[in-house]
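Asker: sharing a model that was predicted from the sequence below.
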Amino acid sequence: MILPPGITLRGALSLTGLALLAGLSYGLLRWVESELRQPAPVESQAPVLIIEQFRAVRLNVAGLRESVIAAPRLAQLPNNLGTRIEQPALDWYQPDGRTHKWRLQAEQGWVSADQQSVRLEGEVTMVRTADSGQTPMTITTRDVLVRPDERYVETAAPTRAVTPQGEFRAVGVRAWLDEERLELLSEVRGTHEPPKP
């Protein structure tokens, strides 16, 4: 190995060691700086609005009651995260605005920020009253998606429906409540007794 004049082998090794030490120190400094940086703040999901004993009435184009949603507590979440509702009860009415048609109740609920979809979470009960002009029916299931504008509901959970003439069970149901149409998706079983003359 040829060294420049005036530099000994020991001096060259010392310079190389110093350069290596400087490089390692710089790398260590960068790592420490990155570790000390404050993490990005987590956006709060705390409610921005809480309403106790909530009740909202939606009117149709004729100014008649179309639906009512009520709950002991409503919490609006920030940043378009929607709204959480405790023990929601949703009532749908006939076009006359007076006659009750369906009532949906759940343990918990969530409404999207655009109000186009509602999730009823936990145990859900849907009741069609005798006032509707149809056979009374009680449907029990879990975790239901509701599209309020279409009066459409669906679930993938086991479902039981009871009428005065019998009952059926299925796994997964789609229902168009205004059309009185149910689609049973799988494992359908039931009993039906025709009305006695």
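Answerer: Cool, the structure landed. Quantities reported herein were computed from a predicted structural model and do not represent experimental measurements.
Asker: residue 126: helix or strand, and which one exactly?
Answerer: strand 118-128 (DSSP states H and E).
Asker: which parts of the helix or strand just after that strand are buried?
Answerer: As assigned by DSSP H and E, the chain's next helix or strand after strand 118-128 is strand 137-147. For strand 137-147, burial by neighbour count (16 or more other Cβ atoms under 10 Å) applies to 137, 139, 141, 142, 143, 144, 146. C-beta: built from backbone N, CA, C; applies to glycine.
Asker: spatially, which two of those residues are the most separated?
Answerer: Farthest pair in the buried residues of strand 137-147 (Cβ to Cβ) is 137 and 143. Separation: 19.5 Å.
Asker: quick one: the helices in this protein?
Answerer: Using DSSP state H, the helices of the chain run over residues 9-36.
Asker: looking at it, which helix or strand does the model trust least?
Answerer: Across the helices and strands of the chain, mean pLDDT, DSSP states H and E gives its lowest value to helix 9-36, namely a mean of 69.
Asker: could the buried residues of strand 137-147 go into a markdown table alongside distance to residue 19?
Answerer: Compiled in a markdown table, those are given as follows (distance: Cβ to Cβ, whole Å):
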| residue | distance to residue 19 |
| --- | --- |
| 137 | 84 |
| 139 | 78 |
| 141 | 72 |
| 142 | 68 |
| 143 | 64 |
| 144 | 69 |
| 146 | 69 |
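Asker: can you list those in a markdown table and add distance to residue 77 and pLDDT?
Answerer: Compiled in a markdown table, the buried residues of strand 137-147 are given as follows (distance: Cβ to Cβ, whole Å; pLDDT from 0 to 100):
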| residue | distance to residue 77 | pLDDT |
| --- | --- | --- |
| 137 | 34 | 91 |
| 139 | 29 | 94 |
| 141 | 25 | 96 |
| 142 | 23 | 96 |
| 143 | 19 | 96 |
| 144 | 20 | 96 |
| 146 | 18 | 94 |
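Asker: and of these, the nearest to residue 16?
Answerer: Proximity of these to residue 16 (Cβ to Cβ) peaks at residue 143, which lies at 67.6 Å.
Asker: my guess is the closest one meets residue 120, correct?
Answerer: Yes: here residue 143 reaches residue 120: they are 7.3 Å apart, a contact under Cβ atoms under 8 Å.
Asker: dump the strand holding residue 126 to PDB, restricted to CA.
Answerer: Written as PDB, here are the backbone C-alpha positions of strand 118-128 (Å, rounded to 0.1, in the frame of the first residue of the first chain):
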ATOM      1  CA  VAL A 118     -78.500   2.800   9.100                       C
ATOM      2  CA  ARG A 119     -77.000  -0.200  10.900                       C
ATOM      3  CA  LEU A 120     -79.100  -1.700  13.600                       C
ATOM      4  CA  GLU A 121     -76.600  -3.600  15.800                       C
ATOM      5  CA  GLY A 122     -77.200  -6.400  18.300                       C
ATOM      6  CA  GLU A 123     -80.600  -8.000  18.700                       C
ATOM      7  CA  VAL A 124     -83.100  -6.400  16.300                       C
ATOM      8  CA  THR A 125     -86.900  -6.700  16.400                       C
ATOM      9  CA  MET A 126     -89.200  -5.700  13.500                       C
ATOM     10  CA  VAL A 127     -92.900  -5.600  14.100                       C
ATOM     11  CA  ARG A 128     -95.600  -5.200  11.500                       C
END
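Asker: many thanks, I have nothing further to ask.
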